[in-house]
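S.K.: just the structure for this:
(chains A and B)
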2 protein chains.
Amino acid sequence: MIAKAKWLSKINWDDNQLVPVIAQEVGSNDVLMFAWMNREALARTIETGQAVYWSRSRKKLWHKGEQSGHFQRVHEVRLDCDEDVVLLKVEQVGDLACHTGRHSCFFQKLEFNNAEPGWVAVDPVMKNPDEIYK
Amino acid sequence: MIAKAKWLSKINWDDNQLVPVIAQEVGSNDVLMFAWMNREALARTIETGQAVYWSRSRKKLWHKGEQSGHFQRVHEVRLDCDEDVVLLKVEQVGDLACHTGRHSCFFQKLEFNNAEPGWVAVDPVMKNPDEIYK
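M.R.: Reported below is the predicted structural model:
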């Protein structure tokens, strides 16, 4: 049934039947993370009101927070003009989206202090990953 | 030379030698668009200070704004924890990132007013595309 839903069929799924997904925090508008969804992941996200992604490495559904407790409550779902990218507006439980214990996964900034540019971790670790995943 | 730069090699390029890129507006933090870059596109982005993407459909470099005049001035470049997604913080010239004449490409919202969810264009067209691409 899910596979036939019109709103799911409007999405231009890629060759692997996936769609890229950006998770953005409600309020701050911070970009928290980027992941992928298949039809079932997106359908479950809507049903449960929490972000469910498709883990390409583990090849299975990934209910974000299932291990860390850091679930994402979905407030809004957007689709882009080409209908091939999804934007989730979420409330990030625990304020931590990143498995490194940081607020956002995008904590490395390209800096130009030296002869060559370099990536520098500029955002603080808020919680020790050992504590998150104990 | 570009291909060998250490900061470029730190990125986990996908099987097509591309990396997904999220463009976010400085100030508002709005997510404007999503696109892809190859090494050359990212190197040119840094050199010129303006977003240069890789067009997968046209199979060539795409200097955003080359037709519309709506260039993106890059203020900051971020990389995620897995080092396979780039986040650009940009100033959007003309305030329009979308080819439909809207501020952001993510103008379709999933709404639940009817029996079945549906995508609804909720953001206004700021400028007629015929005027942008004349």
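
S.K.: what's the helix or strand for the single nearest residue of chain A relative to chain B?
M.R.: Per CB to the nearest CB, A:Asn29 is where chain A lies closest to chain B, at 3.3 Å. Where C-beta positions appear, they are placed from N, C-alpha and C, glycine not excepted. For A:Asn29, there is no enclosing helix or strand under DSSP states H and E.

S.K.: just to check, it is in contact with B:Asp30?
M.R.: Yes: in this structure, A:Asn29 is within contact of B:Asp30 by CB atoms under 8 Å, at 6.6 Å.

S.K.: which residues touch the nearest residue to A:Val122 once chain neighbours are set aside?
M.R.: Excluding its sequence neighbours, the residue lying closest to A:Val122 (CB to CB, 6 or more residues apart in numbering or on different chains) is A:Lys109, at 4.6 Å. Going by CB atoms under 8 Å, 6 or more residues apart in numbering or on different chains, A:Lys109 touches A:119-120, A:122, B:76-79.

S.K.: one more time with 10 Å
M.R.: A:118-123, B:76-79, B:87, B:89 (CB atoms under 10 Å, 6 or more residues apart in numbering or on different chains).

S.K.: what residues are bridge-paired with it?
M.R.: In this entry, A:Lys109 is beta-bridged to A:Val120, B:Arg78, by DSSP bridges.

S.K.: wait, a strand at A:Met33?
M.R.: Yes: applying DSSP: H, G, I helix; E, B strand; the rest coil, one finds A:Met33 inside a strand.

S.K.: what about it, how many neighbours?
M.R.: Other residues near A:Met33 come to 26 when the count uses other CB atoms under 10 Å in any protein chain shown.

S.K.: swap in A:Val19?
M.R.: Neighbours of A:Val19 under the rule other CB under 10 Å: 23.
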